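*Asks:* Attaching a predicted model along with its sequence, questions to come.
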Amino acid sequence: MVAAAVAASAPALAQAQTTYPTKTITIVVPTAAGGGNDAMARTIAQKLGPMLGQTIIIDNRAGANGSIASEFVARAAPDGHTLMLGYIATHSMNPALQKLRYDPVKDFEPVGLVGYSPTLMVANPSVPVKDVKDLVAQLKAKPDRYTYASAGNGTAPHFAAELFKLNAGVVMLGVPYKGAAPAVSDTIGGQTQFMFPSLFTAYPFIKSGKLKAMAIAGPKRVASMPNVPTLKEAGVDGVDVTQWYGIFAPAKTPKPIIDKLNKALNEVLADKEISKRIEDHGADVETSTPEEFGLLVKNELAKWKGVVQQAKLTAD
């Protein structure tokens, strides 16, 4: 009976692979338009659409730290026509922080990794601090002086800032936004003074002088900004937040469709023009199989659950 069932399903799976896609594909982005995630999704879509023979539209569904977009995709038809650019917040940090209405592992099929980007501390250029050591001294002397922006509680900028506070022994009020783009905008405008965005999000504003890079929240300096120290070099250890990005489909999407998407995605990322555009913003392109990406998600979820417990982080 099992053999008969497998034999009966084989033509359907083959059909799914050969006919897919049959209509417009939507890539849901869990952050506001104008941010790093949005730019990455649009860059990929420009090449992925023609490769698959269909138009790809970007659907920004910001809010609830990525939960709105994640839940929408988790409930979408598993036919490969609704995808998601997920990242460290939607599939590891936010689920580690609080109970959500979606499961980051069970409700999704990993398609493939896109790449990594380090997190860094940036400041409004008008803030009168020379370096991280100076900031720590000022925060200890006047704990109510500065605020930091985040893309929402449960996101990488939130986790990085809270780990910085914990390991530096300082107090700084956090202001959560609905995505990195409005958080960066208010940091540039001076409504908030600091932020811990991904390098992919912040790099254009650092190059233009609208933001000042203070330190890398990762294990090593980055080639694009060799003079910017790591937080460990600046005297604050224990803040290592490297963001990752990847494409997901709803759970139960047929394996032939996942494999076809993975092959196309990896070919897009191998394109020198596409990879250069992503890397010029401060992200390192890296591809994977669906299985490798799925293992990464599980490992990251376990890692950040441990951090939440150790640092006593909450969603409030």
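*Replies:* Arrived safely.
*Asks:* What residues does the closest residue to I68 other than its chain neighbours make contact with?
*Replies:* Closest residue to I68 apart from its sequence neighbours, by CB to CB, 6 or more residues apart in numbering: R61 at 5.1 Å. The C-beta positions use only the backbone N, C-alpha and C, and glycine is treated the same way. If a contact means CB atoms under 8 Å, 6 or more residues apart in numbering, then R61 has 28-30, 68-69, 72 as its contacts.
*Asks:* redo that, cut-off 6 Å
*Replies:* R61 sits next to 28, 68-69, 72 when contact means CB atoms under 6 Å, 6 or more residues apart in numbering.
*Asks:* Same list, those residues, but as TSV with distance to T187 and pLDDT please.
*Replies:* Listed next are those as TSV, based on distance: CB to CB, whole Å; pLDDT from 0 to 100:
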residue	distance to T187	pLDDT
V28	26	98
I68	23	96
A69	23	97
F72	28	98
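*Asks:* Can you tell me which helix or strand of this protein has the lowest average pLDDT?
*Replies:* The helix or strand of the chain with the poorest confidence is helix 2-19; it has a mean of 56 (mean pLDDT, DSSP states H and E).
*Asks:* Pairing partners for the helix or strand following that one, with directions?
*Replies:* Moving toward the C-terminus from helix 2-19, the next helix or strand (DSSP states H and E) is strand 25-29. Strand 25-29 has its sheet partners listed here by DSSP bridges as strand 56-60 (parallel), strand 82-87 (parallel).
*Asks:* For the shortest one, what is the distance to the chain centroid?
*Replies:* Relative to the mean C-alpha coordinate of its chain, strand 56-60 is positioned 16 Å out (CA atoms, centre = their mean, to the nearest Å).
*Asks:* Give me the angle between the helix or strand following it and strand 25-29.
*Replies:* Following strand 56-60 in sequence order, the next helix or strand is helix 67-74 (DSSP H and E). If you take axes from the mean of the first three to the mean of the last three CA atoms, to 10 degrees, helix 67-74 sits at 150 degrees to strand 25-29.
*Asks:* And the contacts of helix 67-74?
*Replies:* Among residues not part of helix 67-74, those counted as contacts by CB under 6 Å, 6+ apart are 28, 30, 61, 82, 84, 90, 100-102, 107, 250.
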